Every structure is written in structure tokens, then in C-alpha cells.
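Colleague: pasting the structure only:
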């Protein structure tokens, strides 16, 4: 079976320079979700039909297994499928999907494919309380589908029908070519409707079946930012339910955003308003505080991440304590039992087992050994305006508060740096190193007074 994805719409109601099918849903373009569903079917060929912003769409989804067709001008859904047909096999089935209907599930599409059989047509329909804007399914007295009528062309009786067409269907490729060559554009829009093939299929005696999705939200489209936001919440509710079914404790399942893949061990707890992007893995007994953002992160078992912490492209070992208000940037790797406290920023660093940086510190481009204690206000001065340099702090060193480590520099094993030290040369192991201006007191000095006006 081949798949055609219609993605040529301009999306005027989005009021955005970004093409409609590239509008983000759960951290990915809407079109990416549809392509993923098509791939899950093991489709032979996947052809995306583009129009408005087509070059941008092709650039964003430049993948070797996708075929592309350009619909110019846009003359309706029937015309869009017709321009894709030369890219597809002449035999077999063709499934039609839509780039702005991103939540349809692979299991629903498998049922749709099965319902069509080898030589029939299957339509994905849904019954809505408010069917406004959708084409209606017209059935005869025996309940068989006889045609689809678009709302603008429907009579009052037809508009009262609540079973609507989603636009998604499966049809034999050879018959689809024939039917698309026979449809006209004598309608209110002056377009070639894909739905008109239904009446032709009935007239030709082709078996026609309908399938409904497991949930109505699977077939809802997004033509505006409000509709896109509604789809976002629907998808996040599904993901939250799946996490809880797997044993994850969500303090409020309505306030979590998974914008990628989140894998959790046993007894994981996630507080409110956390965002997970990319690939995130949480080990057993991990606790994530409120308002945290994790992107491409692996967290070891037993670790606690306090509220308002931001972590990106980092490896966190077991039993660590992070935050609150900590920032771990790309290249950070923490060993077992590491503490990174409030208002501490770490970038491209390795911190050994038991290391601590609990307050108001920046560690960039550094290797920090085991059981090192980094005092408040410490900074690794890693950038000379052109190049980055590394700081090496060996096991069991003690870094006093308000210390500047001017890289490249090494602090020896068990060394102590006194508070306020500016280290520009290596500190020998096991010794105290001090670098301070001499403290003086000025006799007779008086504080300035404000002049009276």
C-alpha cells in the first residue's frame, strides 16, 4: 500500500509565516506526526503533496524515504491526489491522509486498510455532536453509503446528518486513477473534490466500507492556533494517561508536556508543569519537582531534581540532588551522589561521585573529581575571548567561596583554595593556596554625606 499525504494548504487562519503543516504539535511539526503514522503501516511509498510554502516543507522534512509532488494551483483534494499518482505504484492500494490532521493513530489506519480489502474502498468517518464544517455521509435506507456531500453544497436535511467524512480513505490505485479522471468541479467551490469518487465507486459496484476511529480527537484537524492548542492538550492527555498506566505518579496529569519520548522506571514522581523534550529517560525512584524542563537527558535512579531546574543534553548519575533553580547545559555528566544546588550552572563538565556545588556557581569546561566541594560564588574562567580552556580539579579538593579559576589550570588532589582566591597557576596537591589583596584599614576615613539642597 502507498500513502498520499495532502499538505498543500496555506493555513491562512494560522496567521503565521510558517506553513500550516509545519506548525508545532508536541514539539514536532504536525506533518511529522502524520508521516510517522504512515511509516508505522510499512507503506511502500509515501508521497507528500505540497503547495504553499512547499520549499520550506521539503527542507524541514528532507528525508530520503519521502516522495514529493507539487500542487500548483490548488484545485481541491481530488486534484491534489491526482498530482501524486504518478509517484505511486499502478497496482495495490492507496491511502489518503492529511498533514493537518496529525493525531490519527496507526491502529485506526490498520483497521481502515483491512476494511478496504484488496479491491474495495474504505472511508474513515466519525459521528460528531457538532458536524459543522465537515462533509456529510449520505446513506440509503439500507444504511449503505451512497455519496458524500460537502457542507456548502448540502441541503438542510443533509446538514442535519452528524456522521461526517474525515477525508481519509483507502482505494485501489487503478480505480482511483480512473475515478479522478471522471470527477468534475461543478460545485460551490469550483474544486475537484476527492469525495466525489464515492458516488462513482457506488455506481461501479465497488465494495464500500466505513471505519470509525477509537476516539474523535484522532480525526480532528487544526486550521487555527486555537484548534492547534486543543489538539496539543488532547495529545498530552493521552500521553499522561499512558504514563500513569505504566506506574508513573503525576501530581496533576493535566499539567505535563511530553514533546518527545519519555521513558520512566518504577516509582517515578513528576510534579506540575514539567516539560520533557527530545529523548528523556528517568530511572527508578526519580523525583522531578515543579516547573522543570528536561531535554535529551538521562537521570539515574534515586535522583531528586528540585523545582525550576533546566537540564539539557546531560547524563545524571544515581542519587544526585539537583536544584532548585539549577541549570545543566550540554556536555554535563554527573557521577553518583552529586549535589548541584540553587543558581548553579554547569556546562561541558564531568563531576565525580560525591562532588558538591551547592550555591551560586558557574562550572564550565571542567573535570571535577570525587568528593570535591565547590564553595558559593566560584567561577571557572574558561573563555579567553577566542578559545575555551579546561579546568582540572582533582579528588578531595576544597574550593573556597568566591574563587576564580582562570583556565587552563589544575587543582591538585586534596588541595584547598582559600575563599576569594584567583587561581592563575596550578595549585599543588594537599596544600592551602591563597591569592588575595592585603587587607588594610584607613584611619580617620569618613563616609561621604549627602549635601543639603
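Modeller: Good, I have the coordinates. This is a predicted model, so every value here is computed, not measured.
Colleague: what residues go with each domain of this structure?
Modeller: Domain assignment for the chain, taken from automatic domain parsing, gives 2-219, 225-433.
Colleague: and the nearest residue to residue 372 once chain neighbours are set aside, how far from residue 367?
Modeller: Sequence neighbours aside, residue 355 is the residue nearest to residue 372 in space, at 4.6 Å (criterion: C-beta to C-beta, 6 or more residues apart in numbering). Bear in mind the C-beta positions are built from the backbone N, C-alpha and C, glycine included. Distance of residue 355 to residue 367, given as C-beta to C-beta, to the nearest Å: 10 Å.
Colleague: again, but for residue 246
Modeller: 37 Å.
Colleague: quick one: which of those two has more around it?
Modeller: The residue with more neighbours, out of residue 246 and residue 367, is residue 367; 17 against 12, by other C-beta atoms under 10 Å.
Colleague: tell me the secondary structure at that one.
Modeller: strand (DSSP: H, G, I helix; E, B strand; the rest coil).
Colleague: adjust the sequence numbering to begin at 2 for everything that follows.
Modeller: From this message on, residue numbering opens at 2, which makes the last subject residue 368.
Colleague: okay, helices next: where are they in the stretch 202-351 of the chain?
Modeller: 226-246 (DSSP state H, counting those that start in this stretch).
Colleague: low-scoring stretches of it, by residue?
Modeller: Within the stretch 202-351 of the chain, not a single segment meets pLDDT under 70.
Colleague: which residues in it form strands?
Modeller: For the stretch 202-351 of the chain, strands defined by DSSP state E, counting those that start in this stretch occupy the ranges 209-212, 250-251, 257-265, 270-271, 275-283, 288-289, 294-300, 305-306, 311-317, 322-323, 328-329, 333-335, 340-352.
Colleague: same question, the stretch 352-454 of the chain
Modeller: Going by DSSP E, counting those that start in this stretch, the stretch 352-454 of the chain shows strands at 357-369, 374-375, 380-382, 392-394, 399-400, 405-407, 410-412, 417-418, 423-424, 433-434.
Colleague: and the longest one, which residues are buried?
Modeller: By neighbour count, and taking 16 or more other C-beta atoms under 10 Å as the criterion, the buried residues in strand 357-369 are 357, 358, 359, 361, 362, 363, 364, 365, 366, 367, 368, 369.
Colleague: nearest to residue 203 among those?
Modeller: Closest approach between the buried residues of strand 357-369 and residue 203, by C-beta to C-beta: residue 365, at 69.2 Å.
Colleague: same list, the domains of the chain, but as a markdown table with distance to residue 445 please.
Modeller: What follows is these, written out as a markdown table (distance: least, C-beta to C-beta, whole Å):
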| stretch | distance to residue 445 |
| --- | --- |
| domain 3-220 | 65 |
| domain 226-434 | 27 |
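Colleague: what's the closest of those to residue 440?
Modeller: Here domain 226-434 is closest among these (C-beta to C-beta), at 10.3 Å.
Colleague: next, the distance between the ends of that closest one.
Modeller: 60 Å (C-alpha to C-alpha, to the nearest Å).
Colleague: just confirm residue 222 contacts residue 100, I think it does.
Modeller: No. Applying C-beta atoms under 8 Å as the test, residue 222 and residue 100 come out as separate, 9.4 Å apart.
Colleague: which of the two has more neighbours?
Modeller: Between residue 222 and residue 100, counted using other C-beta under 10 Å, the more crowded position is residue 100 (28 against 21).
Colleague: number of nearby residues for residue 130?
Modeller: So residue 130, with other C-beta under 10 Å, has 6 neighbours.
Colleague: for it, which non-adjacent residue is closest in space?
Modeller: residue 163 (7.0 Å).
Colleague: and that neighbour, how close does it get to residue 129?
Modeller: Taken as C-beta to C-beta, the span from residue 163 to residue 129 is 6 Å.
Colleague: now swap in residue 291 and tell me
Modeller: Residue 291 is 37 Å from residue 129, by C-beta to C-beta.
Colleague: same question, residue 242
Modeller: On the measure of C-beta to C-beta, residue 242 and residue 129 end up 22 Å apart.
Colleague: and these two? which has more neighbours close in?
Modeller: residue 129 (15 against 12).
Colleague: per-residue pLDDT of the more buried one, please?
Modeller: Predicted confidence (pLDDT) for residue 129: 93.
Colleague: one step back: what's the closest of the domains of the chain to residue 442?
Modeller: domain 226-434 (17.3 Å).
Colleague: and for the residue nearest to residue 130, the neighbour number?
Modeller: 14.
Colleague: test my guess that it contacts residue 133.
Modeller: No. Residue 163 is beyond contact range of residue 133, at 10.4 Å (criterion: C-beta under 8 Å).
Colleague: give the contact list for residue 263.
Modeller: When the contact criterion is C-beta atoms under 8 Å, 6 or more residues apart in numbering, the partners of residue 263 are 240, 244, 277, 281, 282, 283.
Colleague: any idea how far residue 145 is from the third one?
Modeller: Okay, so that is residue 277. Relative to residue 145, and taking C-beta to C-beta, residue 277 is found at 47 Å.
Colleague: these two - which one has more neighbours?
Modeller: Neighbour totals were compared for residue 277 and residue 145, and residue 277 leads with 26 against 11 (other C-beta under 10 Å).
Colleague: quick check: bridge partners of that one?
Modeller: Beta-bridge partners recorded for residue 277 (DSSP bridges): residue 259, residue 295.
Colleague: please apply the same query to the one 4 residues further on.
Modeller: As for beta bridges, residue 281 partners with residue 263, residue 298 under DSSP bridges.
Colleague: doesn't residue 258 make contact with it?
Modeller: No. If you go by C-beta under 8 Å, residue 281 and residue 258 don't touch, sitting 11.6 Å apart.
Colleague: show me which of the two is the more surrounded one.
Modeller: Ranked by neighbour count (other C-beta under 10 Å), residue 281 and residue 258 place residue 281 first, with 23 against 19.
Colleague: list the contacts for the more buried one?
Modeller: Residue 281 neighbours (C-beta under 8 Å, 6+ apart): 261, 262, 263, 264, 295, 296, 297, 298, 299, 300.
Colleague: mind giving me the PyMOL command for buried ones among the residues you listed?
Modeller: The following PyMOL line selects those of those that are buried, judged by 16+ other C-beta under 10 Å:
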select buried, resi 261+263+295+296+297+298+299+300
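Colleague: let's have the contacts of residue 281 in TSV, adding distance to residue 404.
Modeller: Output for these, formatted as TSV (distance: C-beta to C-beta, whole Å):
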residue	distance to residue 404
261	38
262	40
263	38
264	39
295	30
296	30
297	31
298	29
299	30
300	29
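Colleague: which residues of the stretch 2-151 of the chain fall in helices?
Modeller: Going by DSSP H, counting those that start in this stretch, the stretch 2-151 of the chain shows helices at 31-41, 55-61, 78-85, 107-117.
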